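S.K.: Can you look at this prediction? I've put the sequence above it.
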Amino acid sequence: MSIWQRTPDIEALNQRLENTLAGWIGIQIVEAGPNYLKGMMPVDRRTRQPIGFLHGGASVVLAETLGSIAGWLVLDPTKHLSLGLEINANHVRPAHDGIVYGVARPLHLGRTTHVWQIEVSDPDHRLISVARLTLAIRSVHEVPGPDEE
């Protein structure tokens with residue numbers, strides 16, 4: 001059974017990432033299953049630490065991007081929106097080059113909060129980092145838009 005309020009459109013989601021932090025560092029959505037969203041990110045000059053390893057902050061950007069988009073897809077956008085409330089991550093293995101994949105899956109889909117687990121791994125399925133993202137669920141009428149004060 002699918003958790004999505006609407007069918008994820010991979011092409012449209014990737015267009016939404018253009019001209020955002022996620023887009024600037026090369027994050028792309030690559031797959032949506034019935035209860036997960038998968039994305040990828042390059043390990044290159046944009047996402048490495050000065051010493052050459054994947055920057056932990058870049059892994060967190062990948063995790064929050066996937067979890068936030070997944071949370072948005074679970075909701076009716078005419079009624080609710082999700083806002084990042086807290087994220088934590090454990091980095092367990094370095095990555096040096098190539099790409100990493102992130103997979104977001106829900107741990108809790110409540111009325112006022114969602115909790116998502118995002119696992120970041122290399123192409124050989126070795127765990128690079130794991131993050132937990134908590135989203136606050138709010139009515140669209142509760143939160144001012146970006147141009148409102």
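M.R.: Nice, thanks for sending it over.

S.K.: per-residue pLDDT, Glu142?
M.R.: For Glu142, the pLDDT comes out at 81.

S.K.: And for it, the neighbour number?
M.R.: Per other C-beta atoms under 10 Å, the neighbour tally for Glu142 reads 10. (Glycine included, C-beta is placed from N, CA and C.)

S.K.: and it, how far is that from Ser82?
M.R.: For Glu142, the distance to Ser82 equals 12 Å [C-beta to C-beta, to the nearest Å].

S.K.: next one: Arg45
M.R.: In this view, Arg45 and Ser82 are 31 Å apart by C-beta to C-beta.

S.K.: Now do the host helix or strand of Val61, average pLDDT.
M.R.: Element membership for Val61 (DSSP states H and E) is helix 56-74. Summarised as a single mean, pLDDT over helix 56-74 is 97.

S.K.: Can you spell out which helices and strands pack onto it?
M.R.: With contacts defined as 3 or more C-beta pairs under 8 Å, 6 or more residues apart in numbering; DSSP states H and E, helix 56-74 has these neighbours: helix 10-17, helix 21-24, strand 28-32, strand 37-43, strand 80-91, strand 98-109, strand 113-121, strand 127-139.

S.K.: If I look at Glu148, what pLDDT would I see?
M.R.: On the pLDDT scale, Glu148 gets 63.

S.K.: typo on my end, Thr7
M.R.: With respect to pLDDT, Thr7 has a value of 90.

S.K.: Next up, the contacts around it.
M.R.: Thr7 sits next to no residue when contact means C-beta atoms under 8 Å, 6 or more residues apart in numbering.

S.K.: quick one on the thing from earlier: looking at the helices and strands packed on helix 56-74, which is buried most?
M.R.: Across the helices and strands packed on helix 56-74, the average number of neighbours (mean count of other C-beta atoms under 10 Å) peaks for strand 37-43, which reaches a mean of 23.

S.K.: strands paired with that strand, and their directions?
M.R.: Taking DSSP bridges as the criterion, strand 37-43 sits next to strand 28-32 (antiparallel), strand 98-109 (antiparallel) in its sheet.
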